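> Model the following, please.
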Amino acid sequence: MPFSLPVLRLGLSDKSTPYNFLMATPFAPLPRQVGILVLEADPKNSGVLKQILDSEGWRVRVVPDIALLHAELKTAEYSLLIANVAMVGVESPTFHVLRELATVSAEDGGKIRTLFVLPEMGGSEYVGHLEIAHLPYVVRPFHLHDFLEKVSDLLVEIKAIEGPLRMTRYEFGNARKKKKESSRTTSMFAARDSYSYSEEEIAEYEKSEAESSALRRTKPRTNLGNPNS
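From the prediction side, this is the model:
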């Protein structure tokens, strides 16, 4: 006689309901991947930007001219445009459209923001126009940490991501060592933005530590006979 285990039925009828897919726990939909569009004709500069943004898990598309930029913007698949301001210009119809889009809040349906990249040489001529229009920008060579902070702030503004990337420069250096090594040979970022810390960063850290120590010293010592107090 073949051996069989008794079937225990806890308050169920002999005719159990057959399992079907409707009984399965539904899976939560995956969040939509953040789309970032980059307008840059220089393959070296666009390659570095794409590598950095890709490493954050964002979907990145690079376009080398204004015609392709317009075609991609029409898809409404992007939350941020990172644009070489010299290619857009500050008197062009494209610039005025981007400026108008930047004024639409997320509550009113705003879906995209623009971060302008100014060239190292001759970029100063664009600064006044961008500041009058209250449009964010970075100037090459810029620091990787500051660049990603501006990117994340703009994505938070339109609720494309939940919270900004907030890391101290020291945490940032440890977490992104490999990324910095891969981009160190380019001129996109300042020489200061290597894995070693600058004198200014060390001074900033020492200042914060001194302030923390001063706050701890303000607590009165009531047991002066105890060397551990």
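
> Distance check, residue 88 against residue 147.
Going from residue 88 to residue 147 by CB to CB, to the nearest Å gives 18 Å. Bear in mind the C-beta positions are built from the backbone N, C-alpha and C, glycine included.

> try residue 35
According to CB to CB, residue 35 stands 18 Å off from residue 147.

> try residue 42
Note on residue 42: its distance to residue 147, by CB to CB, is 16 Å.

> Please name the residues that touch the closest residue in space to residue 35 that isn't next to it in sequence.
Residue nearest to residue 35 in three dimensions, not counting chain neighbours: residue 78, with 4.2 Å by CB to CB, 6 or more residues apart in numbering. By CB atoms under 8 Å, 6 or more residues apart in numbering, the contact list for residue 78 reads 35-37, 61, 72, 112.

> Show me how to select, in ChimeraX, the buried members of those.
Buried residues among the contacts of residue 78 (16 or more other CB atoms under 10 Å), as a ChimeraX selection:
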select :35,36,37,72,112
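
> Give the helix, strand or coil label for the residue lying closest to residue 90 once chain neighbours are set aside.
Leaving aside its sequence neighbours, residue 90 sits nearest to residue 129 (CB to CB, 6+ apart; 4.1 Å). The three-state label given to residue 129 by DSSP: H, G, I helix; E, B strand; the rest coil is helix.

> any chance you could map the helices in this structure?
Secondary structure of the chain by DSSP state H: the helices cover 43-55, 66-73, 85-88, 93-102, 124-132, 144-157, 169-175, 177-183, 199-217.

> Among the contacts of residue 78, give me the pair with the biggest separation.
The distance between the two most remote of those (CB to CB) is 13.2 Å, for 61 and 112.

> before we move on, back to that, state the distance from the residue nearest to residue 90 to residue 135.
According to CB to CB, residue 129 and residue 135 sit 8 Å apart.

> Of these two, which one has the most company?
Neighbours were counted for residue 129 and for residue 135 using other CB atoms under 10 Å; residue 135 has more, 20 against 17.

> That one and residue 118 touch, don't they?
No. The pair formed by residue 135 and residue 118 falls short of the contact definition of CB atoms under 8 Å, at 11.2 Å.

> And residue 42 and residue 147? Which one has more around it.
residue 147 (21 against 14).

> Give me the neighbour count for the closest residue in space to that one that isn't next to it in sequence.
Counting by CB to CB, 6+ apart, the nearest residue to residue 147 once its immediate chain neighbours are dropped is residue 138, at 5.7 Å. A count of nearby residues for residue 138, using other CB under 10 Å, gives 17.

> Please enumerate residues in contact with stretch 33-51?
53, 57-66, 69, 72-73, 77-84, 87-88, 117, 140, 151, 155, 160-161, 179, 182-183, 186-189.
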